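>>> Below are the sequence and a predicted model; questions follow.
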Amino acid sequence: MNPLILSASDEHRAPRVPFRLRDFRRVPALVWAYRGRLALGLLFTVAFASLHTASISGAFPVFKILLEAEGLRGWVDRTVAGERLGVEFAPATEGEPVRIVRVQPGGVADRAGIRTVDGLAHPRAQSGAELLRNIASAKSAERISVGIVAPNAEAPSTTVELAPADPEWHLRLLRWAVSLIPVDTQEQKLRALAYVLVVLVITTVSSNVFRYFGEVWIAEAILRAMMDLRDRLYERTLRLPMSFFSGQATADIVTRFVQDIQEIQRGLITLFGKFIREPLRAAFLLGAALLLDWRLTLVAALCAPAAVAIFWWIGRRVKTANRKLLQAYGTMIGTLTASLQNLRVVKAYTAEDQERARLDVVDRGMFRQQLNLARLDAFVSPMMETVAVVAGSFLTVWLLSRVLHHELSISKFATLGITLSVLFDPLRKLSDVWVRIQRAVAAAERIFQILDQPVESESPSEGVELGPLRDRIEYDRVSFTYPGAGVPALREVCLTIRQGETVAIVGPNGSGKTTLVSLLLRLFEPTSGEIHYDGLDIRRARLPSLRRQIGIVTQEAIVFACTPSDNITYGALSPLEKGEGAGDQNGRVVEAARHAFADEFIRNIPGGYAANLGEQGSTLSGGQRQRLAIARAVYRDAPILIFDEATSQIDTESEQKIQAALREFAKGRTTLIIAHRLSTIQFAGRIVVMDTGRVIDQGTHTDLFTRCPLYRTLCETQFMTEPREQNS
């Protein structure tokens, strides 16, 4: 492979673009085809987040049982009684009235004239806890007598009858659940603690099971989507016009298949994993904290903008750094591939140290980008942890002050502290999410740059289906300039090639010979002018039908990493489509190999026609690869044959055999030959001389040698022979 093609210079790179919401939306859209699996995974993720929050919130009943005399049942009675009367009670203290912290406007207590400064007591001198239990368990429309205790008084000053409102369903469920746990004695409290802990363990195990299956389903959906994306990218790349590759480094394209898609895969797994899971955890934990004390929780949430600002600042820099890193990967792949594929030349010129130094320069450039990303990654977690510690310290002091002023119970303080502390964990992990997504978006931009490229200009579906050439091929004032080139490769070329004619095209390097036949295959489109196939502009023909009429052997023998049989039949219609059986196909393969004098060396390879030839035919010599490529063109049996320096790597004896076969095989076919050997040129019925993109003369060998100075120079310097009459 040409090392120049494998270069990955900055001029071939995608331009730097800012973050665009459109590109971000296209990343998750890649998984739309597997939305069923994805939805199931997300459903499991929601279940995990809710159960995880439940397990964290389970600390509250544990603390109630262990730390407070009121106990779990007392707290439930106080909560339900307060909801039914429209008040907020302070915890009941033995021998004292139940103090009221807040009265809800319009509630049962408010309508009875009870105020915040008042307290409630049982008229029969029962304990405050007993009073709260009676209010909580009162039946619908049942009236309860309570004594109102004025501030600084110990006995009720008046007695009123209250009809508690009907409790909500969740309050009834809460009382029923607590009634199952006996907590009257110390032994029963210990047993209740064991029950609660068993429930917490079951909840934790269940949440992690849901997390496992959620992550598996999400990963499967994303991995399947990445297979589809690679397939789409490969299909689009193969159908891009050759002009696209003229300005694009091959190594950079390979990097998009490997590294860029891997970045998208990681980003999507993070997006549908952490990006869904951690905010859900945070939302559920925030909800639990709000239920415990919404005012304290909202104050604690004031640190969220600082975290968001850090995410955004880091994310922008990560996206830029990752784009540069992906480009550096392309450069490294190009440099390494060029060195390994040209290793014979490297060793022959003892250039190992030079190549190592060149790769070291590339590797150091990639190291700088990787280190930049590592610094950004390393910055996020410590910064978020610092924010969490600072915010947590202030919250702890503030919450403890509420406890010391009897405005917050110890169990609420402990549970709220744990909940808010755990709440910082998903926020910390979200920093990694944003980094991953930014890297995925940067990679997706490069993938979409190829997917959004227009494919080879295909004729409409009603385009003409071409058959074998019947009359002629005509180049009508054809000009062409390669993308980015300042000088045209072809200039106003007019040339007619008749059906069944063998035409040789000669000229110095860069004269436009290969470009001329490339335009016939529509590998490129003319800048101006037209090419006619039996009078039809080939742009009006269906592209596959045009190329099926042409067999080509390029100057560089292309051999694929498969068997000789597969190489010879490459690109041909299947036996079923051609109306042949497997035996007929095998016979044609051997016949084509014999015509190209490839059968003799194929049979000597271990495995013969079923042998694996290795990458780029590494087990074959240059001449053997060339003969195998010629056998492929012979097998295609196309009415038009193109040989571009097709015998340049074959020894003289093999060339004579092949030319004898080609003379026989070319009968009745239109043959275009680009060659530098006189024996090949004399095989042609007509010789076309090109220079600087123009056809300057054409005729027989003898006529051209006499009248064309350029042709005479080519004969004397390249063909290395005296003029002689053409042998037609």
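Cool, got the structure. All figures in this text were calculated on a predicted structure; none of them were measured in a lab. Numbers count the residues shown, from 1 in each chain.

>>> and the closest residue in space to residue 99 that isn't next to it in sequence, what pLDDT?
For residue 99, ignoring the flanking residues on the chain, the nearest one in space by C-beta to C-beta, 6 or more residues apart in numbering is residue 90 at 4.3 Å. C-betas here are computed from N, CA, C, even on glycine. Model confidence at residue 90, given as pLDDT, is 78.

>>> Report the contact partners of residue 90.
With contact taken as C-beta atoms under 8 Å, 6 or more residues apart in numbering, residue 90 is in contact with 98, 99, 100, 101, 406.

>>> what helix or strand is the third one on?
When secondary structure is defined using DSSP states H and E, the element that contains residue 100 is strand 98-103.

>>> Which SSE is immediately downstream of that strand?
Per DSSP H and E, the helix or strand that comes after strand 98-103 is helix 108-111.

>>> Just checking, which helix or strand succeeds that next one along the chain?
Using DSSP H and E, the helix or strand that follows helix 108-111 towards the C-terminus is strand 119-121.

>>> what's the domain layout of the chain?
Taking automatic domain parsing as the domain assignment, the record places the domains of the chain at 10-54+213-451, 59-194, 560-637.

>>> Can you flag the weakest of these by average pLDDT?
Least confident of these, judged by mean pLDDT, is domain 10-54+213-451 with a mean of 72.

>>> contacting residues for residue 328?
Listed by C-beta under 8 Å, 6+ apart, the contact set of residue 328 reads 362, 365, 366, 369.

>>> again, only using 7 Å
Neighbouring residues of residue 328 by C-beta atoms under 7 Å, 6 or more residues apart in numbering: 365, 366, 369.

>>> Tell me the spacing between residue 217 and residue 273.
Here the criterion is C-beta to C-beta, to the nearest Å. By it, residue 217 lies 11 Å from residue 273.

>>> try residue 525
Between residue 525 and residue 273 the distance is 46 Å, computed by C-beta to C-beta.

>>> related to what we said a few turns ago, filter the contacts of residue 90 to the buried ones?
Buried by 16 or more other C-beta atoms under 10 Å: 98, 99, 100, out of the contacts of residue 90.

>>> Which residue, other than its chain neighbours, is closest to residue 129?
Using C-beta to C-beta, 6+ apart and skipping residues adjacent in sequence, the residue nearest residue 129 is residue 92, 4.6 Å away.

>>> And what about that neighbour, helix, strand or coil?
Assigned with DSSP: H, G, I helix; E, B strand; the rest coil, residue 92 falls in the coil class.

>>> shouldn't it be in contact with residue 98?
Yes. Counting by C-beta atoms under 7 Å, residue 92 touches residue 98, with 5.1 Å between them.

>>> hey, what's in contact with both of the two?
Shared contacts of residue 92 and residue 98, defined by C-beta under 7 Å, 6+ apart, are found at 128, 132.

>>> Look at residue 525 and residue 273 and report which has more neighbours.
Taking neighbours as other C-beta atoms under 10 Å, residue 525 and residue 273 compare with residue 273 leading, 21 against 15.

>>> before we move on, could you check phi and psi at the more buried one?
The phi/psi pair for residue 273 (degrees, to the nearest 10) reads phi -100, psi -90.

>>> wouldn't it be in contact with residue 214 here?
No. The criterion here is C-beta under 7 Å, and residue 273 misses it with residue 214 at 8.1 Å.
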